[in-house]
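> What shape does this take:
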Amino acid sequence: MEAATEGSLETALDGAAKIQERLQRRHQTRIEDVERRKEAKESQSVAEEKGDYFSSAFNAERAAIEELLSGCSGADRAVLTQTLEEATAKILQLQKFLNDSVLFLKQYDLRQAQAALQKLQTSLAETRDEALPKKKFAFKARAKASDKAPAPDTPAPPAPDTGTPAEPGGTTVDGAAASEQCSFSHMDSVRLIKTAEEIQKRDVLLTHLTNCKVRLLGSPSTLHLKHIDTCEILCGPVTSSVFIDHCRNSTLALPCQQLRTHNTTDTQVYLHVTSRAIIEDCQRVSFAPFTWSYPTLEEDFIVSGLDKNRNNWSQVDDFNWLAAGTPSPNWTVIPEEDRKTTWEP
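A predicted model of the protein is given here:
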């Protein structure tokens, strides 16, 4: 009888111990859950505070740049030059501020800031062109045989010698003979070159080019590509952004801080980018690491301020594809065996 009582007591004690252990585990789980919720709330609060600070600081600096550009009207050339240089420096600082804030910004806020920054860069370029106009250079088509011939006493001038052999089936245009403005426009089947001395951290615009080979040796401030068809465009390090719109069936090699691509199809991009590439309304765009090289590339990287050791070439945000966890069908990575590693000069 006494042994049975002792057994029942031990069983009761074991049951009580197990109940106590379960209660302790449950209590510990609740404490950990409370801590996780607290940390998540604090993290969200910090992110919101960072986002609020970014919006306030970004908008204040944007307003200051807009006011700076609006003051260019009617100023003399010396003041204009200084003001535009100051605006350029401020825009580059604002670009860096945006790049450093990408990790905690919401997609909507990021897109709004990128659009505002692009608008500032466009405004800067337009203000520079209007305030400091430069002599334009126009290419004239060669006269047809049926056109009126020159008068006998006025011999036709000899064709200029550019010193660079022509591409088969096309013309060669050396940078020295190109526009004083840093741009090429409305050309077909030509080879185009800009040297580092011509670019000198200026904005470069390439528009309405077909079947052209373009070499930009140097470090542009920004690069704009518009209406590009069946071209090969190789560019040195771009200090800030590359903007691409309506490009098809082309190959591009570009180092930059930011890449934004619109309305582009069947195009390969060999990219070095220190933020994240963005595509919108694009199809069949493919990416690989930047592989082009030329003698002064290292110097141009230093001039541009780009971090050569930081390349996010495969981190592409597609604004038309917001399905989390599912890759966008609009862009791919070029397989290693299919990547270009050598380029014509």
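
> Can you give me the first-to-last residue distance of stretch 65-77?
Stretch 65-77 has an end-to-end distance of 19 Å (Cα to Cα, to the nearest Å).

> Buried residues of it, list them for me.
Using 16 or more other Cβ atoms under 10 Å as the test for burial, stretch 65-77 gives 65, 68-69, 72. C-beta: built from backbone N, CA, C; applies to glycine.

> now these as CSV including secondary structure?
As requested, the buried residues of stretch 65-77 are exported to CSV (DSSP: H, G, I helix; E, B strand; the rest coil):
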residue, secondary structure
65, helix
68, helix
69, helix
72, coil
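
> which stretches of the protein aren't confidently modelled?
Residue ranges of the chain with pLDDT under 70: 1-10, 12-13, 39-49, 132-181, 324.

> what about the strands in it?
Remark: strands assigned in the chain by DSSP state E are 171-173, 183-188, 190-194, 204-210, 213-216, 223-229, 232-235, 241-248, 251-256, 258-273, 277-280, 283-289, 316-318, 331-333.

> got the ones you listed as JSON lines, with distance to residue 20 and mean neighbour count columns?
Listed next are the strands of the chain as JSON lines, based on distance: least, Cβ to Cβ, whole Å; neighbours: other Cβ atoms under 10 Å:
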{"stretch": "strand 171-173", "distance to residue 20": "88", "mean neighbour count": "17"}
{"stretch": "strand 183-188", "distance to residue 20": "80", "mean neighbour count": "18"}
{"stretch": "strand 190-194", "distance to residue 20": "80", "mean neighbour count": "22"}
{"stretch": "strand 204-210", "distance to residue 20": "75", "mean neighbour count": "20"}
{"stretch": "strand 213-216", "distance to residue 20": "75", "mean neighbour count": "23"}
{"stretch": "strand 223-229", "distance to residue 20": "70", "mean neighbour count": "20"}
{"stretch": "strand 232-235", "distance to residue 20": "71", "mean neighbour count": "22"}
{"stretch": "strand 241-248", "distance to residue 20": "64", "mean neighbour count": "21"}
{"stretch": "strand 251-256", "distance to residue 20": "64", "mean neighbour count": "24"}
{"stretch": "strand 258-273", "distance to residue 20": "59", "mean neighbour count": "22"}
{"stretch": "strand 277-280", "distance to residue 20": "58", "mean neighbour count": "21"}
{"stretch": "strand 283-289", "distance to residue 20": "60", "mean neighbour count": "18"}
{"stretch": "strand 316-318", "distance to residue 20": "53", "mean neighbour count": "21"}
{"stretch": "strand 331-333", "distance to residue 20": "57", "mean neighbour count": "17"}
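
> Please tell me how far residue 280 sits from residue 326.
Counting by Cβ to Cβ, to the nearest Å, the gap from residue 280 to residue 326 is 18 Å.

> And for residue 238, the neighbour number?
The local packing of residue 238 (other Cβ atoms under 10 Å) involves 29 other residues.

> What distance do you get for it to residue 107?
As for residue 238, its distance to residue 107 is 24 Å (criterion: Cβ to Cβ).

> was I right about residue 231 contacting residue 215?
No. Applying Cβ atoms under 8 Å, one finds residue 231 not in contact with residue 215, separated by 11.5 Å.

> what residue is smack in the middle of the chain?
When Cα atoms, centre = their mean is applied to the chain, the residue found nearest the centroid is residue 259 (1.8 Å).

> ok, what's across the strand from it?
Beta bridges link residue 259 to residue 242, judged by DSSP bridges.
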